[in-house]
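*Asks:* Need a 3D model of the following:
(one chain, ligands or ions: 1)
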Amino acid sequence: MASQQLLSVPSFSLLPKVSPFHPPLLSTPRKLSLFHSTTCSPLQSSSNSRITNLQAVTNTCSETESNAPTETTALTLRNICQGFVPEHILHRQALMEEIGFVFPTDIQREALPTLFTGRDCILHAQTGSGKTLTYLLLILSLINPQRSSVQAVVVVPTRELGMQVTKVARMLAAKSTDAEVKGCTVMALLDGGMLRRHKSWLKAEPPAIVVATVASLCHMLEKHILRLDSVKVLVVDEVDFLFYSSKQAGPVRKLLTSFSSCDKRQTVFASASIPQHKHFVHDCMQQKWTKRDVVHIHVSAITPMPLCLLHKFVVCGKKNKHQVLLALLESDAPESAIIFVGEQSEKSKKAGNDPSTTLLIEFLKTTYNGSLEILLLEEDMNFNSRAASLTEIRQGGFLLVSTDIAARGIDLPETTHIFNFDLPQTATDYLHRAGRAGRKPFSDRKCIVTNLITSEERFVLQRFENELMFSCEELMF
Ligand SMILES: Nc1ncnc2c1ncn2[C@@H]1O[C@H](COP(=O)(O)OP(=O)(O)OP(=O)(O)O)[C@@H](O)[C@H]1O
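*Replies:* I've put the predicted structure just below:
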């Protein structure tokens, strides 16, 4: 199969042709949209003084848009967190310098002051904008490492994202060099994990923070091995994904309403995409997923797609897609790239066909001459292989072939290129796939998202462009 595809590599004229259907990429300055329920006054945030054009949208809600405050941009994360996050964490060399968390990103600057007041929040900001650190800093401001109880829970949709969040949480919460200060323990309660070991751990000395997938968490709650009585903050990351997932939505609702009460905890939802967010905020209050004064913090509301991403497309036939991809890899020479492939249909599985991911990996292994390591990540792999792939990926220099399992939340800052070998199903999926690149908040570097489409799929891509307000250039060859 692969050898047949070795034939000829098309050569590209990489002169982009701007799509006639769309305006050029928006180069709008950063805009903030702060939407909050039950109150019509501006948020008590560092940017209050700059919020203008307050406009009542409904009788209970208000939405504002303003230019970014300039006088607050020199604020450091330390300034914002002082008095809330323990000093030893703010002092940590690793946090402030080595890792480069010195200045807050937009969502951190806008959300942290509100989060520190104890209000429930919906963090709605672009991919790669630093939502994880935002909610982890809140968690660290609330937990008491001396207490032996679960005080914060972060719910994530996939094991991979859970491993990543756990790693950042452990790094931030580690024991201080000052022997007096106890570090916080962080447990990863993820699908496919060693639940028996976790049960003993939970009984012996409950960790302060639990990062969990919904199924594993509910299992522990139903068996009364884990209790949420002492939980001060409950975070649901990629909240829209969880609520729209047929398998996970029920358990998430139960978690929010039956296993614990919104009155007794601070609730934080995070995502780069919250479709119909006004309905969602309404549902949050009605269904008691959050308290009634929940705040929707919407950063970059008019540019959901990060501006550092350039979007391109190549029209090609299904049969020469592999060759086109190879040519693109040679011409673009990515530093690290993710190639997204559609999931195999049940019909194709039943017919005994190889999945597209396997075919593509075989093809690349026999044709690609570059230096990047070719890796695979997909649902059907066992958890150990998935973990091994992720570990290798994190060392950089990879060409990762993946299904949408890698599309949500995974943070691989070295990724310079995304290839949609198959178009995603929805604009939201496009947003999250594209957002796996361009994940260095203060970098000017442009990253590239290239779509390999058939001529019939052009209108689907145009729909995504309209919905997400970006424009795609055609590559001719
Ligand atoms: N204040 C900061 N300064 C520098 N880098 C930061 C800062 N905050 C976060 N980062 C880095 O930005 C990258 C993206 O952060 P994060 O994974 O939290 O994004 P996100 O908003 O959750 O994205 P997604 O919606 O795709 O999940 C990470 O590599 C993180 O280390």
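
*Asks:* Pull the contacting residues for residue 149.
*Replies:* With contact taken as Cβ atoms under 8 Å, 6 or more residues apart in numbering, residue 149 is in contact with 206, 208, 229, 230. Every C-beta, even on glycine, is put in place using the N, C-alpha and C of the backbone.

*Asks:* Can you name the two of those residues that sit furthest apart?
*Replies:* Spatially, the most separated pair among the contacts of residue 149 is 208 and 229, at 14.0 Å (Cβ to Cβ).

*Asks:* Settle it for me: which of the two has more neighbours?
*Replies:* residue 208 (27 against 8; other Cβ atoms under 10 Å).

*Asks:* all strands of the stretch 301-450 of the chain, in order?
*Replies:* 309-315, 337-340, 373-377, 398-402, 417-420, 447-453 (DSSP state E, counting those that start in this stretch).

*Asks:* want to try a markdown table for these, with distance to the ligand, mean neighbour count and mean pLDDT as columns?
*Replies:* Listed next are these as a markdown table, based on distance: least, Cβ to the nearest ligand atom, whole Å; neighbours: other Cβ atoms under 10 Å; pLDDT from 0 to 100:
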| stretch | distance to the ligand | mean neighbour count | mean pLDDT |
| --- | --- | --- | --- |
| strand 309-315 | 12 | 21 | 98 |
| strand 337-340 | 12 | 27 | 97 |
| strand 373-377 | 16 | 17 | 92 |
| strand 398-402 | 15 | 24 | 94 |
| strand 417-420 | 12 | 24 | 98 |
| strand 447-453 | 13 | 24 | 98 |
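
*Asks:* Now do the longest helix along the chain against strand 373-377, angle only.
*Replies:* Longest helix in the chain by number of residues (criterion: DSSP state H): helix 159-173. Interaxial angle, helix 159-173 versus strand 373-377 (axes from the mean of the first three to the mean of the last three Cα atoms, to 10 degrees): 110 degrees.

*Asks:* If we go by neighbour counts, what in helix 159-173 is buried?
*Replies:* Residues 159-166, 168-170, 172-173 are the ones in helix 159-173 that count as buried (16 or more other Cβ atoms under 10 Å).

*Asks:* excluding its backbone neighbours, what's nearest the residue in the stretch 151-300 of the chain that the ligand sits nearest to?
*Replies:* The minimum distance from the stretch 151-300 of the chain to the ligand, using Cβ to the nearest ligand atom, falls at residue 272 (3.9 Å). Nearest residue to residue 272, sequence neighbours excluded (Cβ to Cβ, 6 or more residues apart in numbering): residue 127, at 4.4 Å.

*Asks:* returning to what we had before: tabulate the buried residues of helix 159-173 (CSV), appending pLDDT.
*Replies:* Shown next, in CSV, are the buried residues of helix 159-173 (pLDDT from 0 to 100):
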residue, pLDDT
159, 89
160, 90
161, 94
162, 95
163, 92
164, 93
165, 96
166, 96
168, 92
169, 94
170, 92
172, 88
173, 86
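
*Asks:* which of the residues you listed are close to the ligand?
*Replies:* The subset of these within reach of the ligand, by Cβ under 6 Å from any ligand atom, is empty.

*Asks:* Let me know the closest of these to residue 450.
*Replies:* Closest approach to residue 450 among those (Cβ to Cβ): residue 160, at 23.5 Å.

*Asks:* what residues are up against the closest one?
*Replies:* Residue 160 sits next to 377, 386, 390, 405, 406, 409, 410 when contact means Cβ under 8 Å, 6+ apart.

*Asks:* Just among those, which is most surrounded?
*Replies:* Counting by other Cβ under 10 Å, top hit in the contacts of residue 160: residue 406 with 27 neighbours.

*Asks:* So it sits against residue 338, correct?
*Replies:* Yes: Residue 406 lies in contact with residue 338 (Cβ atoms under 8 Å); the separation is 6.1 Å.
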